[in-house]
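Asker: Let me see the structure of the following:
(chains A and B)
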Amino acid sequence: MQQLTQILGSFLIVLFSVPAIAQADCDFILSGYVKDAHNDQPLPDSKVHIRELNITVEADANGFYSISGLCVGEYLVFCKHIGCDAIKDTILIDQNITRDFFPEHHVEFNEVKVEADKDEDLSLKPERLTQRELNESRGLTLGEGLAKMNGVNQFTTGNNISKPVIHGMHSNRILILNNGVRQEGQQWGNEHAPEIDPFIAGDLSVVKGANCVRYGPDAIAGVILVNPRELKKTPGVSGELNLVGFSNGRQGNVSATIDGNSSKLPALRWRAQGTLRRGGNVHAPDHILKNTGVYEYNFSGAVGWFKPKYGFDVFYSQFNTEIGIFSASHFGNLTDLQNAYEADRPLELDDFTYEIARPRQEIEHELFKAQGYWITGDRSRLTFTYARQFNRRQEFDKHISPNATEEELNTPALQFNLTTHTGEISWNHNRINNFKGSAGISGLHQGNTYRGRFFIPNFRKMGGGIFWLEQWKPEKSKLAIEAGARFDYIYQRIYMWVDDVIYSPEQHFMNGSGSVGASYKFNKKFIARANIGSAWRPPNVNELYSNGLHHAASAIERGDSTLVTEKALNFTVSFEYKGDRLNFLIDGYYNIIDDFIYLRPTQENVLTIKGAYPLFQTTQADAHLRGTDITIGYDLSDSWNITSKASVLRAWNLSQNDHLILMPADRFENSLEYRFKDSNKLANAYASVTVVSVLKQTRVPENGDFAPPPEGYTLLNASIGMDIPVKNQFITVGLSANNILNVRYRDYMNRFRYFTDEMGTNISLRVKVPFTLIQAKSIHE
Amino acid sequence: MMKMKTQVKIVAVLGLALIAGLSSCKKDEDLVDTPQPTYNEPEVITTMTLTFVDDAGVQPNVTATFRDPDGDGGLGADIFDTIRLQNNTVYSCTITLLNETVTPAEDMTTEVLAEAAEHLFCLSPAGADINIVRTDSDGTYEIGQTSQWTVGAVGNGTTLITLKHQPGGIKDGTCAPGETDIEVNFVTEVQ
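Answerer: Below you'll find the predicted structure:
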């Protein structure tokens, strides 16, 4: 994070300057050449920057630079060349120093880089959390953090389970790439949140739109990219400690990262990381929510060997969480649900405790990844990736016999074990004759087994895909055009018992998908983009075969084994303007989905011994989802900024001639921000106030729900943050308060909306401390 | 040129290796276990039978049964009797619960009575002229597994039988707290 802060800090954000320490010897010169790491060619237009003095010089046509008038001291020096990673070095100036820099031209290795302008000419530009938003999201779940992005909502089950929603769609319609690997968990379930530690992410971005060609055919709504920072490239051992506390639920988070690179073996880079998170019962404005604690521990490690021509790295991470499910959310039957809905406050209350009782979930997710690259020729790179994921999900029901044995107590009512192997070979090439692109093949092998109560059957799934994506853009052209195609095949076999006979049908799905798009850069400030993409996904196993009472939903849900593939055609346009004072980003989208799979209320009841339950049948319909996300920011002065965001979605079921259920309501956000002037005691300091308004969702299908949607609401949030320089590092401190007025409200996208209010005021304090264990040796002679 | 060919070969070999690696496990059962044929469901109640005995010993015994063969699963009830009682008679009613997903059927009444302090039957007639009082106790509060039904004039209505699970000391003698284990609304005829 420190590295990221510094790079961003030096190149994107207004800099502060430390007054030079008055000393007699202020006449030294730092000079040298900036050359290509591979062929020693000079790199003119490179920039060399001294952080402490806030001086930037450009290298001349020979790649030569020189900075004179330097006092004795240690300086943090950056060298940056377009298309290369910034080089950072601490240089001791006690005489005239000559230092050459060798920036490395990188072919797109990871899809996401620190420099935002890399994605500028893509027709579907990833939107990323800014460093500040990322800081503010520390301690939140992945879904909560991503919801800071306009057009991304959350679908929640209480306060601990949050699923990201892009343009009204979630679960199997969103692809999450965790460290470049498709996340394969139990994402089909409404109360199954992504099994990822957000502290791993050095970069969180979202591609809104059907961006399937590169990542997989099922990215109907979009792709979420969770990327760790790159491993440490400069010698030394350093790290970062994050501490986050929340007042509501008295939740605490500790996360630490240690990065290393040996000066003897510069190719060897490593990282170790771990997170602990514990929270107790949270409270709504006028009561405590029973059994809403969380306990989580996650860790990861990475080792890599990186040479200019080749490199490889292995990564392992484990995510473990135990989540209390709000007690008053489990019902015996529909009458209980009705009573809970009519009650002013939940029927079960409790005091504060950290203890997690039944009902609860325990989830473990492991990811092992091995990746290698090999530079093939001047401008291309081959990348090999293999990953294994293991996901274990255990659900413990609310009730168990009081005479239960120890073994029975530790046996979940429901357990899924999902093991997934994925592999990919991709070939990326940098601009050759105005074209750059990538091609590759990918494969997947997956097995799911369950124990306990039947909800979805065991299954085995195999898939393979082949893709090719090219972008055309001449050097000086304002226009960039891209096109790509992908073909996938998926085989699936189910194993289930029907009347004491094993039933194991096989299914095959195959389909192509593609995208075309263009971006046009009118000038340095204004760029327009358009994209058409197609996507498809086979029906999921739960949609095909689930049959039974969904306790958490108080409904009987029936799958349909005759479902066919869901297909989407997605149109997006966006206009981005970055002026001196005004900036805006306007997205418009139109999603045409054939055979959209959803649960349709049948208006029939199934009479069980617990009373009658409404029957929901999985079915397919043609649907349209269209909407817009607008962000407009304006600098009133150097210090004051106002930003407004609006997100509006309309979703229509063409087959039923009705609205689609569970779509986010219109949302508006207005914030006023004051940025403090940087000084030698404070950098990047800001204070902001945000008003969030969510309207009542009035566009809901008739008779599709137990209760009408909750009223709209308005919340007041505030946040302050700053970087405090301590030696060569910055300690980042932030204080946020959400729902300051302690408003009682319910959100339509929370599955607990029927019977409990959302959280009341929540104040959080965040501290980020970078540290250095082994100082890098500076190169100076 | 030579170099390029070698590269292509290497890529092809690695590609094939990947495909082979991912598809080598031909035998399904190796990777995915066949699910267990039977599973010990947490105690399910499938069947509730009400048995009425005339306290005067004049009228014949009456029974009414509700059976939902998979408990609260996806299937509906297959037996749903009407309660038919004689007018101006006082009956003693006993409720029997069974789990018929197992063979032989398991008596769930004893399970409920074993946790009597956590359970309450609520018996609410509507329309028909019946007065019901519970006749058993867990020591502090009534249970309702046995009850006395005082049947008055001829007429039709319904009787709602509810079994509430009220664990953790929340039982207070009323039907409000807890979670519903059973809810059946019998059509009731007084002849």
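Asker: how about the nearest residue to residue 55, chain neighbours excluded?
Answerer: In the absence of a named chain, this looks at chain A. Closest residue to A:I55 apart from its sequence neighbours, by CB to CB, 6 or more residues apart in numbering or on different chains: A:I67 at 6.0 Å. C-beta: built from backbone N, CA, C; applies to glycine.
Asker: try chain B instead
Answerer: B:V90 (4.6 Å).
Asker: Show the backbone phi and psi for that neighbour.
Answerer: Backbone geometry at B:V90, expressed as degrees, to the nearest 10, gives phi -110, psi 120.
Asker: just how off-centre is the helix or strand that contains the residue nearest to A:I55 within its chain?
Answerer: Here A:I67 sits within strand A:64-70, counting by DSSP states H and E. For strand A:64-70, the separation from the chain centroid amounts to 42 Å (computed by CA atoms, centre = their mean, to the nearest Å).
Asker: Go ahead and name everything in contact with it.
Answerer: A:26-34, A:42, A:46, A:48, A:50, A:53, A:55, A:57-59, A:93 (CB atoms under 8 Å, 6 or more residues apart in numbering or on different chains).
Asker: can you check stretch A:649-662 too?
Answerer: So stretch A:649-662 is contacted by A:155, A:167-168, A:596, A:598, A:600, A:620-627, A:663-664, A:666, A:699-702, A:704-705, A:748-749 (CB under 8 Å, 6+ apart).
Asker: make it 6 Å
Answerer: A:168, A:621-627, A:663, A:699-701, A:704 (CB atoms under 6 Å, 6 or more residues apart in numbering or on different chains).
Asker: Can you give me the buried ones in that stretch?
Answerer: A:649, A:651-653, A:656, A:658-662 (16 or more other CB atoms under 10 Å in any protein chain shown).
Asker: my read: A:I166 touches A:G222, true?
Answerer: Yes: the pair A:I166 / A:G222 is scored as a contact, 4.1 Å apart, by CB atoms under 6 Å.
Asker: how's the chain carved up into domains?
Answerer: If you meant another chain, say so; for now it's chain A. A:2-98, A:116-225, A:226-774 (automatic domain parsing).
Asker: sorry, should have said chain B
Answerer: According to automatic domain parsing, the domains of chain B span B:2-31, B:47-190.
Asker: In CSV, list these along with distance to A:F522.
Answerer: Formatted as CSV, the domains of chain B follow (distance: least, CB to CB, whole Å):
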stretch, distance to A:F522
domain B:2-31, 41
domain B:47-190, 58
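Asker: for A:D595, helix, strand, or coil?
Answerer: Using DSSP: H, G, I helix; E, B strand; the rest coil, the structure places A:D595 in strand.
Asker: pLDDT below threshold where in the chain?
Answerer: No chain specified, so I'll use chain A. A:1-25, A:38, A:83-85, A:105-118, A:400-404, A:552, A:776-781 (pLDDT under 70).
Asker: oops, chain B please
Answerer: In chain B (pLDDT under 70), the answer is B:1-43, B:73-74.
Asker: And the strands in it, which stretches?
Answerer: B:47-54, B:62-67, B:79-80, B:83-85, B:89-99, B:106-107, B:119-126, B:130-134, B:146-151, B:155-165, B:179-190 (DSSP state E).
Asker: dump the residue contacts of the residue nearest the centre of chain B.
Answerer: Centroid-nearest residue in chain B, with CA atoms, centre = their mean: B:I45, separated by 3.5 Å. Shown in contact with B:I45 (CB under 6 Å, 6+ apart): A:609, B:97, B:108.
Asker: let's see 7 Å
Answerer: A:609, B:71, B:97, B:99, B:108, B:181-182 (CB atoms under 7 Å, 6 or more residues apart in numbering or on different chains).
Asker: Show me which positions of the host helix or strand of A:Q389 end up buried.
Answerer: Using DSSP H and E, A:Q389 falls within strand A:380-396. Applying a neighbour-count criterion of 16+ other CB under 10 Å, one finds A:380-396 buried in strand A:380-396.
Asker: Tell me the strands beside it, with direction?
Answerer: When pairing is defined by DSSP bridges, strand A:380-396 lines up against strand A:360-375 (antiparallel), strand A:414-432 (antiparallel).
Asker: I'd like the distance between the residue nearest to A:I55 and chain B.
Answerer: With distances taken as CB to the nearest CB, to the nearest Å, A:I67 is found 42 Å from chain B.
Asker: give me the beta-bridge partners of that residue?
Answerer: A:L30.
Asker: and what of A:L625?
Answerer: A:N591, A:A651.
Asker: Report the buried residues of the strand or helix carrying A:A485.
Answerer: Taking DSSP H and E as the criterion, A:A485 maps to strand A:479-498. For strand A:479-498, the neighbour count (16+ other CB under 10 Å) marks A:480-486, A:488, A:490-497 as buried.
Asker: partner strands of it, parallel or antiparallel?
Answerer: strand A:458-472 (antiparallel), strand A:501-503 (antiparallel), strand A:506-521 (antiparallel).
Asker: sorry, back to before: the contacts of stretch A:649-662 in strands, which ones?
Answerer: A:621-627.
Asker: can I get those in TSV with neighbour count?
Answerer: Formatted as TSV, the ones in strands among the contacts of stretch A:649-662 follow (neighbours: other CB atoms under 10 Å in any protein chain shown):
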residue	neighbour count
A:A621	19
A:D622	15
A:A623	23
A:H624	15
A:L625	23
A:R626	17
A:G627	20
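Asker: could I get those as a markdown table with distance to A:I82?
Answerer: What follows is the ones in strands among the contacts of stretch A:649-662, written out as a markdown table (distance: CB to CB, whole Å):
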| residue | distance to A:I82 |
| --- | --- |
| A:A621 | 49 |
| A:D622 | 46 |
| A:A623 | 44 |
| A:H624 | 42 |
| A:L625 | 38 |
| A:R626 | 38 |
| A:G627 | 36 |
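Asker: Which two of those residues have the greatest separation?
Answerer: A:A621 and A:G627 (18.6 Å; CB to CB).
Asker: Nearest to B:G144, out of the domains of chain A?
Answerer: domain A:226-774 (16.2 Å).
Asker: ends of that closest one, how far apart?
Answerer: 29 Å (CA to CA, to the nearest Å).
Asker: wait, A:G216 sits on A:R173?
Answerer: No: checked against CB atoms under 7 Å, the pair A:G216 and A:R173 is beyond contact range at 11.6 Å.
Asker: Could you pull up the contacting residues of the residue nearest to B:D55?
Answerer: When the contact criterion is CB under 7 Å, 6+ apart, the partners of B:V90 are B:55-56, B:148, B:150.
Asker: count of neighbours near residue 51?
Answerer: Defaulting to chain A. 21 (other CB atoms under 10 Å in any protein chain shown).
Asker: sorry, should have said chain B
Answerer: Count around B:T51 with other CB under 10 Å applied: 16.
Asker: and it, what are its bridge partners?
Answerer: B:T63, B:T94.
Asker: now A:F668
Answerer: Going by DSSP bridges, A:F668 forms beta bridges with A:A646, A:S693.
Asker: Okay, A:F676 and chain B: tell me how far apart.
Answerer: 53 Å.
Asker: if you skip the residues just before and after it, what's nearest to that residue?
Answerer: Closest to A:F676 by CB to CB, 6+ apart is A:A685, at 3.9 Å.
Asker: quick one, helices of the stretch 201-350 of chain A?
Answerer: A:212-215, A:334-342 (DSSP state H, counting those that start in this stretch).
Asker: Reformat those helices as TSV; add distance to chain B and mean neighbour count.
Answerer: Below are the helices of the stretch 201-350 of chain A laid out as TSV (distance: least, CB to the nearest CB, whole Å; neighbours: other CB atoms under 10 Å in any protein chain shown):
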stretch	distance to chain B	mean neighbour count
helix A:212-215	18	24
helix A:334-342	5	17
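Asker: Surely A:G143 and A:N160 touch.
Answerer: No: assessed by CB under 7 Å, A:G143 is found out of contact with A:N160, at 10.2 Å.
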